[in-house]
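J.: need a structure here:
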Amino acid sequence: MGSSNSDSPPLPHQSDADRLRPTDLSRYLDTLVFAVRGIWTVTLTSVRPFAFWAAVILPLVYLPSLYGVGTGQDTALFLDLVAWHMASIVLGHGHTPFWSR
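T.: I've put the predicted structure just below:
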């Protein structure tokens, strides 16, 4: 009793391309995007009030640094203050203080 190839069903051949189908990849990417958005939201929610108030208070620090502009160290300090102020404006933009809700 010999068996032929037509008696048994063909074995499935799994190539590297079949292991990770586009639907699997999109599912993993969706999960990754969801996780990154969640982390970004939590981080921004905790940083936003501090950035808002830093944007309010940092211009007061400009005056003493402007008084001594002309030396190399004071100019670098002033440029650092401007950079921190711009970053705090961008990060604190969406904050609403509790008294204006």
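J.: Please enumerate the helices of this structure.
T.: Ranges of helices in the chain, per DSSP state H, are 16-19, 22-67, 72-91.
J.: I'd like to know which of those helices lies nearest to P97.
T.: Proximity to P97 (Cβ to Cβ) singles out helix 22-67 among the helices of the chain, at 7.7 Å. Placement of C-beta: from N, CA and C, glycine included.
J.: Mind giving me the packing neighbours of that closest one?
T.: helix 72-91 (3 or more Cβ pairs under 8 Å, 6 or more residues apart in numbering; DSSP states H and E).
J.: before we move on, back to that, between the helices of the chain, which one is nearest to S100?
T.: Ranking these by proximity to S100 (Cβ to Cβ) places helix 22-67 first, at 11.7 Å.
J.: so for the closest one, what's the average pLDDT?
T.: For helix 22-67, mean pLDDT rounds to 83.
J.: P59 and L81, how far apart?
T.: 9 Å (Cβ to Cβ, to the nearest Å).
J.: ok, back up a step: so which of the helices of the chain is the most packed in?
T.: Greatest average neighbour count among the helices of the chain goes to helix 72-91 (a mean of 13), per mean count of other Cβ atoms under 10 Å.
J.: name the helices or strands packed onto that helix?
T.: With contacts taken as 3+ Cβ pairs under 8 Å, 6+ apart, helix 72-91 sits against helix 22-67.
J.: Pipe the helices of the chain into CSV and attach distance to W99 per row.
T.: CSV is the format used below for those (distance: least, Cβ to Cβ, whole Å):
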stretch, distance to W99
helix 16-19, 57
helix 22-67, 13
helix 72-91, 20
